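Trainee: The sequence isn't on hand, but the structure is:
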């Protein structure tokens with residue numbers, strides 16, 4: 001047995017809280033690390049001690065191997081858990097940890113290397129008899145070779161970064177005309193994300209299911225699979241809803257896929273927790289995609305069904321313990337365990353192509369009755385330097401529909417105000433008839449939510465009326481009370497100007513303090529019994545119906561959430577006058593906080609509408625900024641390497 005006592009968790013956010021929870025149950029002392037933006041972050045308080053490692057960008061902190069090893073030495077750690085993301089699948093980090101005399105809570109570096117290069121992993125799995133899609137995974141990366149191989153494979157096809165993961169460095173190519181631009185974009189993104197621009201080509205299945213199998217292996221030669229997870233609901237090739245079991249997998253298919261996953265793990269002498277990912281078609285044929293040599297974000301759904309704490313067993317295996325179950329026993333647990341669904345709460349705007357959003361969580365309240373893994377608190381900033389995922393909610397019920405509706409209701413009760421999130425959109429997905437029918441494939445969002453407008457809706461007028469009344473009437477509401485215009489004897493005559501996005505609306509309040517009528521255009525609502533509770537909620541009867549809204553503010557903006565519906569308001573009296581940062585015609589502004597990594601625009605140059613002007617990197621994604629019209633570049637306001645704020649004016653185009 002290789003007993004260790006102090007575990008350093010080389011990561012940030014909710015996975016640190018998750019690992020620390022299981023480590024504490026085993027009696028381990030835990031160590032968090034923190035970059036400069038993360039000093040004092042909730043994840044640092046989940047551990048026994050926290051060690052600052054400096055830096056803002058991941059390359060200067062969570063990806064800096066010498067700094068992490070120094071933190072282990074300074075804290076007295078004798079083991080390292082990498083979490084997921086960052087260095088969790090980096091064989092060089094694993095080797096450095098082992099060379100430093102520490103226990104690595106993960107698979108052998110050799111297994112990580114075998115599966116870390118997607119092209120070589122494809123080759124190895126094909127040789128082991130695991131089905132792979134037709135494709136090209138050779139060393140030659142010149143354009144002529146890639147075009148020739150693409151024509152051989154046929155369209156549609158996928159371009160994939162060989163060192164990739166998390167949907168980065170991937171492009172779907174529907175025809176030959178789109179091949180070269182897709183290759184260029186995938187290579188650029190792969191180089192920025194992984195430091196390796198190499199790609200592979202693979203026949204694309206347009207509407208498959210994405211099904212993965214959890215494996216667990218000890219150091220004594222025992223390998224088990226713990227059933228599958230269906231991860232088909234995705235945006236930008238990144239998962240947002242995962243469930244177990246898959247609605248498309250029968251017990252017989254589960255055994256075939258599980259046996260293939262075990263064969264994959266055995267072929268590379270795997271040890272620890274890992275996941276083998278497959279594409280599954282309607283006929284039940286499946287193909288190997290990749291193996292993730294780490295814990296997955298979606299591991300809680302497997303834990304719910306099997307009752308096995310995967311983090312605990314990562315730690316036990318690292319200590320040398322043998323697995324405690326037989327394969328049939330684990331499958332019996334899984335198949336009698338009901339249904340579990342997870343939804344990833346992300347700081348992103350579904351109404352703007354899921355654009356990642358930095359900002360501050362002005363108010364946070366986790367829902368009751370479901371598992372919620374997070375590292376959030378009210379007032380904590382969401383940094384542009386890291387991934388947009390804020391946390392995840394997991395529902396577990398005897399039947400699939402009950403789990404989906406339970407999770408949707410939990411999302412309605414989740415309060416995460418102060419910046420855009422996908423909370424409401426996730427609830428829409430879970431209640432969608434196609435999802436409830438179990439027919440969702442990787443094309444689900446493109447099919448059922450094809451445009452930005454389909455993923456969000458205008459706030460209901462009753463909620464705007466409630467907000468107008470609350471802002472004007474209640475002392476202690478987020479914005480200064482609008483007492484001007486109130487007349488004696490309890491009579492009210494008040495205009496309340498509000499801005500919702502680009503739409504301005506003025507609500508006229510009339511009546512008494514106990515019974516207000518709020519009117520705007522053809523909309524009119526009666527507001528009664530309006531009160532603010534000590535916890536910051538606003539209660540009222542709106543048109544006779546009791547309503548309770550969670551409210552937050554930063555002084556100029558306020559956010560209201562009621563019955564799962566959100567409303568973001570700007571106080572028009574406090575709105576700043578237009579500045580150079582504004583969106584004048586021909587101005588190209590930063591859509592979010594981020595770093596400029598490429599500048600193609602040059603003052604005086606003539607450009608066509610759609611021409612690439614600049615590339616930004618934010619929240620582990622690249623964002624390409626293009627010319628809004630034909631014209632001449634009048635000015636460029638940013639340089640490569642500059643960190644820019646959201647809405648900063650970057651390029652001016654003269655029509």
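Mentor: Right, received. Where do you want to start? Predicted model only: the values in this text are computed from it and were never measured. Numbers count the residues shown, from 1 in each chain.

Trainee: hey, let's count contacts and neighbours off CA atoms from now on
Mentor: Noted.

Trainee: for this protein, what are the low-confidence residue spans?
Mentor: Across the chain, residues meeting the criterion (pLDDT under 70) sit at 166, 475-490, 571, 573-584, 620.

Trainee: Nearest residue to the middle of it?
Mentor: Centrality entry for the chain: nearest residue to the mean C-alpha point is residue 389, 3.3 Å, by C-alpha atoms, centre = their mean.

Trainee: which residues pair with that residue across the strands?
Mentor: residue 346 (DSSP bridges).

Trainee: Would you mind giving the domain segments of the protein?
Mentor: Here the domain parsing of the chain from automatic domain parsing is 6-105, 134-203, 210-455, 461-571, 587-654.

Trainee: Can I get those in CSV including distance to residue 116?
Mentor: Below are these laid out as CSV (distance: least, C-alpha to C-alpha, whole Å):
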stretch, distance to residue 116
domain 6-105, 7
domain 134-203, 6
domain 210-455, 8
domain 461-571, 41
domain 587-654, 19
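
Trainee: Indicate which one of those domains is closest to residue 118.
Mentor: Shortest distance between residue 118 and the domains of the chain, using C-alpha to C-alpha, is found for domain 134-203: 4.6 Å.

Trainee: quick one: terminal-to-terminal distance for that closest one?
Mentor: Distance between the two ends of domain 134-203: 6 Å, counting by C-alpha to C-alpha, to the nearest Å.

Trainee: do you know how far the nearest residue to residue 87 once chain neighbours are set aside is from residue 512?
Mentor: Leaving aside its sequence neighbours, residue 87 sits nearest to residue 63 (C-alpha to C-alpha, 6 or more residues apart in numbering; 6.1 Å). To residue 512, residue 63 is 60 Å away according to C-alpha to C-alpha.

Trainee: And residue 639, by the same measure?
Mentor: Using C-alpha to C-alpha, residue 639 is found at 57 Å from residue 512.

Trainee: And residue 116, by the same measure?
Mentor: 68 Å.

Trainee: Show me where the stretch 151-300 of the chain has its strands.
Mentor: 157-165, 168-173, 199-203, 209-217, 223-235, 238-244, 272-280, 286-292 (DSSP state E, counting those that start in this stretch).

Trainee: nearest to residue 332, of these?
Mentor: Across the strands of the stretch 151-300 of the chain, residue 332 has its closest neighbour in strand 223-235 (10.0 Å, C-alpha to C-alpha).

Trainee: Return the list of strands paired to that closest one, each annotated with direction.
Mentor: Looking at strand 223-235 with DSSP bridges, its partner strands are strand 209-217 (antiparallel), strand 238-244 (antiparallel).

Trainee: Let's have those in JSON lines, adding distance to residue 67.
Mentor: Shown next, in JSON lines, are the strands paired with strand 223-235 (distance: least, C-alpha to C-alpha, whole Å):
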{"stretch": "strand 209-217", "distance to residue 67": "30"}
{"stretch": "strand 238-244", "distance to residue 67": "30"}
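
Trainee: could you dump those strands to a markdown table with distance to residue 563 and mean neighbour count?
Mentor: Shown next, in a markdown table, are those (distance: least, C-alpha to C-alpha, whole Å; neighbours: other C-alpha atoms under 10 Å):
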| stretch | distance to residue 563 | mean neighbour count |
| --- | --- | --- |
| strand 209-217 | 32 | 25 |
| strand 238-244 | 21 | 23 |
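
Trainee: Tell me which of those approaches residue 13 most closely.
Mentor: Once the strands paired with strand 223-235 are compared by C-alpha to C-alpha, strand 238-244 is nearest, at 17.3 Å.

Trainee: got the contact list for the closest one?
Mentor: When contacts are defined by C-alpha atoms under 8 Å, 6 or more residues apart in numbering, strand 238-244 is touched by residues 166-167, 228-234, 298, 301-302, 305, 339-345, 426.

Trainee: Those residues, buried ones only, as a PyMOL selection?
Mentor: Buried subset of the contacts of strand 238-244, written as a PyMOL selection, criterion 16 or more other C-alpha atoms under 10 Å:
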select buried, resi 167+228+229+230+231+232+233+234+298+301+302+305+339+340+341+342+343+344+345+426
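
Trainee: circling back to that earlier point, the residue nearest to residue 87: how many residues sit nearby?
Mentor: Neighbour count for residue 63, taken as other C-alpha atoms under 10 Å: 19.

Trainee: What values do phi and psi take at it?
Mentor: The phi and psi values for residue 63, taken as degrees, to the nearest 10, are phi -110, psi 10.

Trainee: thinking again about what came up before, for residue 124, which of the domains of the chain is the nearest?
Mentor: domain 210-455 (8.6 Å).

Trainee: Now do the end-to-end distance for the closest one.
Mentor: End-to-end for domain 210-455, by C-alpha to C-alpha: 22 Å.

Trainee: so how far is that domain off the chain centroid?
Mentor: Relative to the mean C-alpha coordinate of its chain, domain 210-455 is positioned 12 Å out (C-alpha atoms, centre = their mean, to the nearest Å).

Trainee: and what of stretch 603-613?
Mentor: Centre-to-centre, stretch 603-613 and its host chain are 32 Å apart (C-alpha atoms, centre = their mean).

Trainee: end-to-end on it?
Mentor: Per C-alpha to C-alpha, the first residue of stretch 603-613 is 11 Å away from its last.

Trainee: buried stuff in it?
Mentor: 606-607, 611, 613.

Trainee: now swap in stretch 321-341 and tell me
Mentor: By 16+ other C-alpha under 10 Å, the buried positions in stretch 321-341 come out as 321-323, 330-331, 333-334, 337-341.

Trainee: Out of those residues, which sit inside helices?
Mentor: 330-331, 333-334 (DSSP state H).

Trainee: Among those residues, which one lies nearest to residue 561?
Mentor: Distances from residue 561 to these, taken by C-alpha to C-alpha, are shortest for residue 334, at 37.0 Å.

Trainee: Just to check, the closest one is in contact with residue 306?
Mentor: Yes - counting by C-alpha atoms under 8 Å, residue 306 is a contact partner of residue 334 at 4.9 Å.
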